[in-house]
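Prediction below, plus the sequence it came from.
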Amino acid sequence: MIGRSLGLLTVISLVGGSGMALIPSGMAEVGATSVAQVGQRRSRPLQADWLRSLNLTPDQVQQIQAIRNRYQARLTAERQAVRVAQQELNQLMTGNASPEQIRQKFEQLQGLKQKLGDTRMESMLAIRNVLNPDQRQKLTEIIRQMGRNRDRSPSSGE
């Protein structure tokens with residue numbers, strides 16, 4: 001269950017502002033922003049394909065881009081805080097820290113991960129509000145499929 005939740009949160013993070021291309025390339029023809037302009041950090045063809053399959057209107061593209069922009073700085077800061085806390089925990093584990101120090105750092109890390117997950121969920125819910133019922137259903141199917149593919153991946157050792 002935890003692995004499944006982490007997979008869902010990963011997908012949520014992709015949709016919710018981690019730098020992914022949120023705009024299908026075909027939308028550029030109707031005056032919308034291009035995929036490259038919206039998701040410069042981490043654009044993968046597969047992600048653009050599944051977003052394209054949602055058949056977003058230009059207005060939806062604009063709204064989703066605004067949501068992504070609204071959450072981007074917060075998500076970046078929270079991801080960085082998680083990375084730093086993880087590194088600190090790793091240092092404590094390899095050093096001479098007491099079990100209590102390690103537990104405290106672990107609890108801090110868990111809290112930061114929870115905060116990041118909450119922000120991702122808020123972002124996902126905001127995007128969900130932009131989608132029509134058919135698009136929501138399609139997104140749910142895509143999330144499930146991506147979770148199944150991730151579970152089968154040899155690098156999914158979370």
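Arrived safely, thanks for sending.

so where's this protein uncertain?
Scanning the chain with the threshold set as pLDDT under 70 gives 1-50, 153-158.

cutoff 90 now
Residue ranges of the chain with pLDDT under 90: 1-54, 61, 124, 139-158.

Only the buried residues of the top helix by length along it, if you could.
Counting residues, the longest helix in the chain under DSSP state H turns out to be helix 58-94. Neighbour counts over helix 58-94 (16 or more other C-beta atoms under 10 Å) mark 60-65, 67-68, 71-72, 75, 78-79, 81-82, 85, 89, 92 as buried. Where you see a C-beta, it was placed from the backbone N, CA and C, and this is true even at glycine.

And stretch 133-143, by the same measure?
Neighbour-count burial for stretch 133-143 flags 135, 138, 139, 142, 143 (criterion: 16+ other C-beta under 10 Å).

List the contacts of the second one.
Read it as residue 138. Going by C-beta atoms under 8 Å, 6 or more residues apart in numbering, residue 138 touches 53, 54.

Now residue 130: closest residue in space, sequence neighbours ignored.
residue 63 (4.6 Å; C-beta to C-beta, 6 or more residues apart in numbering).

Let me know the distance separating that neighbour from residue 71.
Computed with C-beta to C-beta, to the nearest Å, the distance linking residue 63 and residue 71 is 13 Å.

what do you get for residue 52?
Residue 52 sits 22 Å away from residue 71 when distances are taken as C-beta to C-beta.

likewise residue 111?
19 Å.

Could I get the phi/psi values of residue 132?
Summarising the backbone geometry of residue 132 under the convention degrees, to the nearest 10, its torsions are phi -80, psi 170.

Count residues in the vicinity of it, would you?
Neighbours of residue 132 under the rule other C-beta atoms under 10 Å: 13.

and the helix or strand harbouring residue 147 with helix 58-94, angle?
Of the helices and strands defined by DSSP states H and E, residue 147 is found in helix 133-152. Counting by axes from the mean of the first three to the mean of the last three C-alpha atoms, to 10 degrees, helix 133-152 points 30 degrees away from the direction of helix 58-94.

In contact with residue 77, which residues?
Per C-beta under 8 Å, 6+ apart, neighbours of residue 77: none.

hmm, back to that, and which of the buried residues of stretch 133-143 is nearest to residue 126?
The shortest approach to residue 126 among these belongs to residue 139, at 13.3 Å (C-beta to C-beta).
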